[in-house]
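Asks: what follows is a predicted protein model with its sequence.
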2 protein chains.
Amino acid sequence: MNLEKLIKPKSIAVVGVSDKPGFGSGAAKGALGSRNADRAYFVHPKREELFGKKCYPSISDLPEVVDCVVLCTPAKTVNALVEEAGRCGVGAAVVFASGFSEEGTDEGKQMEEELKEIARRHDICVLGPNCFGMLNNVDKVNMWGGHTFWDLDDDSHGIAIIAQSGFISAEILNTDFFNVSYAISSGNGNIVTLEDFMEFVIEDESVSVVAIYLEGVRDAERFVSSLKRAAEIRKPVIILKSGRSVRGAISAASHTGSMAGSNKSYMSIFEKYGVIVADTLEEFMCLAQAVSVLNGTFATKKEYAVISFSGGESTLSADIAEEMGVELAEISEETKQEMKKYIPDFAQAKNPLDATTSLFRDDEKTIGLLKALNDDPAVGAITVGTNIKKDFDDTTASLCGAIAKAKARGVEKPVLAIPSLEGYRYRESRKILEDAGVPLMSSMGTSFQALRKLAKFAEYDYRERTLASAVPGAHGEKTVALSEFDSKAEMKANGVPVPAQAIARTEEELTEAVKAMKYPLVMKINSSEILHKTDAGGVKLNIMSEEEALAARKEIYANVAKSMPKASTDGILVQEMAPSGVEIIIGVTNDKQFGPMLLVGLGGVFVEVFKDAALYPAPLNKTEALAMLKELKSFKMLTGYRGSKPCDIEALTDMMVNIADYAYKHKDEVKEMDLNPVFVYPEGEGVCAVDALIVKYTD
Amino acid sequence: MNLEKLIKPKSIAVVGVSDKPGFGSGAAKGALGSRNADRAYFVHPKREELFGKKCYPSISDLPEVVDCVVLCTPAKTVNALVEEAGRCGVGAAVVFASGFSEEGTDEGKQMEEELKEIARRHDICVLGPNCFGMLNNVDKVNMWGGHTFWDLDDDSHGIAIIAQSGFISAEILNTDFFNVSYAISSGNGNIVTLEDFMEFVIEDESVSVVAIYLEGVRDAERFVSSLKRAAEIRKPVIILKSGRSVRGAISAASHTGSMAGSNKSYMSIFEKYGVIVADTLEEFMCLAQAVSVLNGTFATKKEYAVISFSGGESTLSADIAEEMGVELAEISEETKQEMKKYIPDFAQAKNPLDATTSLFRDDEKTIGLLKALNDDPAVGAITVGTNIKKDFDDTTASLCGAIAKAKARGVEKPVLAIPSLEGYRYRESRKILEDAGVPLMSSMGTSFQALRKLAKFAEYDYRERTLASAVPGAHGEKTVALSEFDSKAEMKANGVPVPAQAIARTEEELTEAVKAMKYPLVMKINSSEILHKTDAGGVKLNIMSEEEALAARKEIYANVAKSMPKASTDGILVQEMAPSGVEIIIGVTNDKQFGPMLLVGLGGVFVEVFKDAALYPAPLNKTEALAMLKELKSFKMLTGYRGSKPCDIEALTDMMVNIADYAYKHKDEVKEMDLNPVFVYPEGEGVCAVDALIVKYTD
């Protein structure tokens, strides 16, 4: 869909202008403030003029065919107006009204279907319904209907915000420092969709960061390919995903009718495509603004140097850094010597640094200090505490100025200003700092959490990831479980080591089968109708010879005939008994939206009690598989715990890659897979999937 | 120490007044703004007057003996001035100057020792040195030297802030909304100490909440008894403890020379005495302000009802609540019916609630909603989203006013206002809300974290805790480890079940001993010089008869004679082999400041890999012991995991209480204890400490 006329209209008409508070007045004032205000028209059936501007009685009466109409009228009038606009050749429409599909009523749904049909028929891009509008700060077009005081004269600095909540987008726009290029309240998003907007802003050169408030995705394929594209052109995407909790998911579903989906699947998709994930609105805005101000200047290492001007601040920084997972750089002795030139004798050159208030109003010392840290190869980025006075005063101005000068004088690593309290974020400080490329962050807790995420983004490299999308095709709900034999055969055919196995339907087949196997063996009744085989007497372990095998066969059949006389059976599964190793669980669940996700964890209490498991979208490579293992708290059990030998992680990651590949190739059929247990042996001795279960869709 | 003249002086003299920025000017202006300004005097050796006020040449020349002198002069002049003040009969002094013990130099330390001696000799309360001063907003006395614009006309609302960092106390005072009664920058704290201030403010009736920025405690005994007193009179204490991390502890030590101590011990002491623990400065202030505004109105249950006015906000609230551990109330059907009267048809009555913007400017609806939730017994407290407009406008005023009216009209449960972004905290909103007892909190993430802590405080009941202090006496560093036999004998004598055991030095003693025991038995060489007994061939398991015991005895002696011929031995330890059970580790470490701390965790990977252990100060009762177990992620292993029987938690908590009692009684001698493993058997079958080690101080 070509969104040009919706996002960058050269002419617009506001239909249903009003002087009463509401969309009609907001959009009218917005139009008057737009750059092409002379090509912004007002439509009102009765009024002659509003705010000094002529009103035309209808869209058809306008003096030109506008690119976009902005409809401020109630739901019931919308479809006829879009129809009229379409007939006139208008290319886009913004629809504020609610009362469509989001209400969940048949009437609302039908009205939205009609609107969709009209839009398709006339090839009109429709934003909404049930939205707050669109604001383009690049071309200075204001089609915002919600209450906001956004000033289009503010420079645009590259944030494209797309929000699936009008209220949240309004909250963001009401914050005076946010560097918006485009703000889009996507509303119900069934005509022009979230994914349409993502594709547009990711390609737009005036956008340096895409920030999305996300409740749910409808077109997973395009969503994922947008993220892939963004990763490849290294355009940062920041997402605040709501509906993460059970209650939140219910709330999101009732809000815009979007399906929240599995939060874990979303998070693993975000991980793969390098999305920066925010947890709160405050952090979301802090991250988006910081990335926009940094404007492509990312750290090359994740370690920070932290400067503050008091012992208390410095100590708290160390604590919060550790608690938030921010790593502090080990600065060199050489750097410490250089730092000592700028701090008083009684201060210690270390990281985090208490530079003491003696640096206040002494620009050269601050600049010297920043340069010293900038020149240390261990430092990825530098933070400076900027919480000084109650109001913006000379001291604050001097400090902010010194930081800005340091940037101009060769401090090329990212510098971020952190107040310990929100109250210390002055508009004037922000101007000085951000004009120099230094973001003024949130209060310390939020900031340090954001620092960790920025460091993670800085280290993300899409070339190390397998970015192919595995979004599955449509299928029914019916499933069938492959037998243990078939599941393992399928795994073996795909490079996954399993114990040697055979189905023996006769004594002769059994004799034949055991000849090719190493003792001890296991024998199990092969029957899809007997689920609890041990209870039914259908399992014999530790068989050490052909004679024992033959005897076991008789015993199994006798037991089963007694315990489950009506169950149909299909011979006996005989297989080698794998020696035990470190027990691993590998599973696959096929997410309805995003496709197969590989799960890995250590067996027993690790997964069950501590929920210590990693999830990542298929397909994946060995680097990604290893990263999954390293994510586990129990990873150390694989590297030689309490004197045991290190495990064969090479073989384990090969196995993970093969299983994920299989799931990826069969993404349209596989519902779930369970390899439990998988035994991992010492280095060089491989792995073995002792049991396997594959469940497939049948329609 | 009587702090009356320091904290509530009726007359003061500022020595070293100045019109240049700094302590001399800050304190002079503060004195002029104090209520008893006519009894505030200026001292300057040369000046006749400053800011229109007469200057006296020295303290001795003052027209009256003042209660307190405020010294703004450099370090080197301080001691002589305090001496002079003492001779005149002055009762207190504030010393801003740095350059004393905190510099770590011999000269600085000696100067501080001298100052201490002078203070003692003249019975003068000295605040500082190296502090920012004291502000008493109850009696309107300003002896603050740091840059702050605090207005003494602000009402005092009961927060006493004590900060072991001048800069941090200044940051707090520079925030315009903080309801300060007393603000004390405690500086080096060697003369009048942190604990002196705590005792004063905990007893002061104008103080409703004590907020401490803490780097380290010097007098643990008095610190703990202050916390005990506060718990008993239910005066909330909020602590922001810095130096929690390794780097932070180093930083704190270099800052004020205070010992940070073990963070885990601090946190377990805070847990016992019901201290509200803040993680960041933002949260610290949010908590202190909230508690001050709530003014004793605490929830009786921990579950919240959450109101916001948008679907996005409501969804995010649910997510953040879950992530921060805030529990949402299950509201009743009756309440939902009542709520429906106030929200539009298309909105759903649930928790969290999206009340929709239709409630804006409709006070009665907001009041009705609040009353409905207030009347639901499942609700402990109510939060309302107050993020509306960019500036304080009619809508915001109306919403805040409606909330205030609801409080006046019978909503007696706590109501807390939460903006999603800091930027929405308007001074005007705060005034309306806080005058009605409704705190205006921080941004959503910080607020929800604070909500959890407020809920925890609301549920804290000191009567369920064992509040006796276990601060240990002085001892040397030399230790001795009791033998396994002696350790277990000591445990047995204190009610801890251990296997039957005996030391057999001869064949006869062995024959005698085994007669009284149940097989199987274990035999071990008894020697303090053989640490690795198994390696030395000094251990035999599974002994099933007297004959086997006698044979084992010979074998052990032969093995040891060969492997460690020089080691002296003292017979053989023979004991019953306890049947195995769920493996638990119980330990005691005697914290140098706070005394014995009991540690409990499940054996094996639980403690070692997942660090899943609970720590709590001795002594403790069964309720506290059970709470420790419930804190473990692996607690479910004790309640019947995978079909195993529930464990004998009664017996386990009895054992924990007995071990803690022993450690408490021997707090001056025990260095550490290790009971590992302890076997816990099914319900009714008890526990057994299979191995025990007690290490004691010998001097």
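Replies: Everything's here; your move.
Asks: lowest confidence element among the helices and strands of chain A?
Replies: helix A:246-256 (a mean of 67; mean pLDDT, DSSP states H and E).
Asks: okay, buried residues for the helix or strand following that helix please.
Replies: Downstream of helix A:246-256, the next assigned helix or strand under DSSP states H and E is helix A:263-273. In terms of neighbour count (16 or more other Cβ atoms under 10 Å in any protein chain shown), helix A:263-273 has its buried residues at A:Asn263, A:Ser265, A:Tyr266, A:Met267, A:Ser268, A:Ile269, A:Phe270, A:Glu271, A:Lys272, A:Tyr273. All C-beta atoms are positioned from the backbone trio N, CA, C, and that covers glycine.
Asks: stretch A:327-338 now?
Replies: Buried, per 16+ other Cβ under 10 Å, within stretch A:327-338: A:Leu328, A:Ala329, A:Ile331, A:Thr335, A:Lys336, A:Glu338.
Asks: output those residues in JSON lines; the columns should cover secondary structure and pLDDT.
Replies: Shown next, in JSON lines, are the buried residues of stretch A:327-338 (DSSP: H, G, I helix; E, B strand; the rest coil; pLDDT from 0 to 100):
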{"residue": "A:Leu328", "secondary structure": "strand", "pLDDT": "97"}
{"residue": "A:Ala329", "secondary structure": "coil", "pLDDT": "97"}
{"residue": "A:Ile331", "secondary structure": "coil", "pLDDT": "97"}
{"residue": "A:Thr335", "secondary structure": "helix", "pLDDT": "98"}
{"residue": "A:Lys336", "secondary structure": "helix", "pLDDT": "97"}
{"residue": "A:Glu338", "secondary structure": "helix", "pLDDT": "97"}
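Asks: just the residues you listed now: which is nearest B:Glu412?
Replies: Nearest to B:Glu412 out of these is A:Leu328 (Cβ to Cβ; 47.7 Å).
Asks: bridging across strands, which residues link to the closest one?
Replies: Here A:Leu328 sits in beta bridges with A:Tyr304, as judged by DSSP bridges.
Asks: and stretch A:350-358 with chain B, contact?
Replies: Yes. With Cβ under 8 Å from any Cβ of the partner chain as the criterion, chain B is reached by stretch A:350-358 at A:Lys350, A:Pro352, A:Asp354, A:Thr357.
Asks: so what touches that stretch?
Replies: Residues from elsewhere that reach stretch A:350-358 (Cβ atoms under 8 Å, 6 or more residues apart in numbering or on different chains): A:305-311, A:313-314, A:317-318, A:321, A:328-331, A:336, A:339, A:342-344, A:346-348, A:365-366, A:369, B:167, B:247, B:251, B:255.
Asks: quick one, helices of the stretch 201-350 of chain A?
Replies: With DSSP state H, counting those that start in this stretch as the criterion, the stretch 201-350 of chain A has helices at A:220-232, A:246-256, A:263-273, A:281-294, A:311-324, A:333-340.
Asks: what distance do you get for the residue positioned nearest the centre of chain A to chain B?
Replies: Centrality entry for chain A: nearest residue to the mean C-alpha point is A:Phe270, 3.0 Å, by Cα atoms, centre = their mean. A:Phe270 sits 15 Å away from chain B when distances are taken as Cβ to the nearest Cβ, to the nearest Å.
Asks: for the closest residue to that residue other than its chain neighbours, give me its contacts.
Replies: In this structure, A:Phe270 finds its nearest non-sequential neighbour in A:Val277, 5.3 Å apart by Cβ to Cβ, 6 or more residues apart in numbering or on different chains. Residues near A:Val277 by Cβ under 8 Å, 6+ apart: A:Ile238, A:Ile239, A:Leu240, A:Lys241, A:Met267, A:Phe270, A:Lys453.
Asks: which strands or helices does the host helix or strand of the last one pack on?
Replies: A:Lys453 belongs to helix A:444-459 when elements are defined using DSSP H and E. Applying 3 or more Cβ pairs under 8 Å, 6 or more residues apart in numbering or on different chains; DSSP states H and E, we find helix A:444-459 packed against strand A:276-278, helix A:281-294, helix A:311-324, strand A:381-385, strand A:415-418, helix B:281-294, helix B:444-459.
Asks: which ones are touching whatever residue of the stretch 451-600 of chain A ends up closest to chain B?
Replies: Nearest to chain B, among the residues of the stretch 451-600 of chain A, is A:Val582, at 11.7 Å (Cβ to the nearest Cβ). Neighbouring residues of A:Val582 by Cβ under 8 Å, 6+ apart: A:Leu602, A:Met637, A:Leu638, A:Cys647, A:Phe679, A:Val680.
Asks: within reach of chain B, which of those are there?
Replies: Among the contacts of A:Val582, chain B is touched by A:Met637 when using Cβ under 8 Å from any Cβ.
Asks: between the contacts of A:Val582, which is nearest chain B?
Replies: Once Cβ to the nearest Cβ is applied, the member of the contacts of A:Val582 that ends up nearest chain B is A:Met637, at 6.6 Å.
Asks: my read is the closest one is in a helix, agree?
Replies: Yes. According to DSSP: H, G, I helix; E, B strand; the rest coil, A:Met637 belongs to a helix.
Asks: pretty sure it sits against B:Val605.
Replies: Yes. The pair A:Met637 / B:Val605 is scored as a contact, 7.1 Å apart, by Cβ atoms under 8 Å.
Asks: from A:Val514, how far out is the residue lying farthest from the centre of chain A?
Replies: Within chain A, the residue lying farthest from the chain centre (Cα atoms, centre = their mean) is A:Glu547, at 58.6 Å. Distance of A:Glu547 to A:Val514, given as Cβ to Cβ, to the nearest Å: 10 Å.
Asks: what does A:Leu629 give?
Replies: 36 Å.
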